[in-house]
Every structure is written in C-alpha cells, then in structure tokens.
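>>> Please find the sequence and the predicted model below.
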Amino acid sequence: MTEAAIDAECRSMLYEIMREDMEVNSGLKPRPENADRILAAATQILDRRNQEIKDLEQKKSVAVDELDSVNGQTMLMLNETDDSRREGFSSGKTLRDASTPSL
C-alpha cells in the first residue's frame, strides 16, 4: 500500500470517527482541519511504535547472537569432555578406572 493510500485510508477512518462523534453529541461540529492534526498525531504515534519495534528487533537479534555463542561454547566443552573420555577408554582404562581417582 502506498503512503498516499495509507493517508487516504487514515483520513477516511478519522472522518468516520468524527461523524460518529456528531451522532453521539450533536453539539460537535466536524472540522476537517482537526482531522489533519489528528492524522499528524497518529502518524507520530505510529512512527514511535515502529521505532520501538525496530529497537526490540535489534535487541532480539543481539540476544539470539549471544545465545548462539553460548550454545556454541557449551557444545565445544561437551565435545572436549567426550574426546577426553574417549582417550581414556582407548588407553585401556575401564569405566571404573576412569571414575576412580589415582592413588
């Protein structure tokens, strides 16, 4: 959807809101210039929300990268532990020998 189409849709929604307000309170008079101000305010709110979303997505990306790093380090440590156990078994130690401290 183009920016102009979004703008037109927002204006339409705002005019509908103004029309409904007039039905509820007949003392209100529609003022199209107010719709422009409301649209500008709504646009600012949406811009801030979009920026908040971008900031959260960036934080999420950093957190995922950190988690991947920790997972990688954990896997490396597990592999090193497995390798050292295999070396112990291949040198003739039994499971009991590997778990019993040398005197």
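Received the coordinates, thanks.

>>> what about Arg49, how many neighbours?
By other CB atoms under 10 Å, the residues close to Arg49 number 10. Where you see a C-beta, it was placed from the backbone N, CA and C, and this is true even at glycine.

>>> Tell me which helix or strand comes right after the helix or strand Ala8 falls within.
Assigned by DSSP states H and E, Ala8 falls within helix 3-24. As assigned by DSSP H and E, the chain's next helix or strand after helix 3-24 is helix 32-90.

>>> so what secondary structure elements neighbour that following helix?
For helix 32-90, the packing partners by 3 or more CB pairs under 8 Å, 6 or more residues apart in numbering; DSSP states H and E come out as helix 3-24, helix 95-99.

>>> any idea which of those helices scores lowest on pLDDT?
Lowest mean pLDDT within those: helix 95-99, at a mean of 54.

>>> Where does the prediction get shaky in the chain?
The chain contains residues with pLDDT under 70 at 1, 21-34, 88-103.

>>> one more time with 90, if that's ok
1-53, 72, 74-103 (pLDDT under 90).

>>> Could you measure from Ala8 over to Ile45?
Ala8 is 18 Å from Ile45, where distance means CB to CB, to the nearest Å.

>>> And Ala4, by the same measure?
Applying CB to CB, the value for Ala4 to Ile45 is 20 Å.
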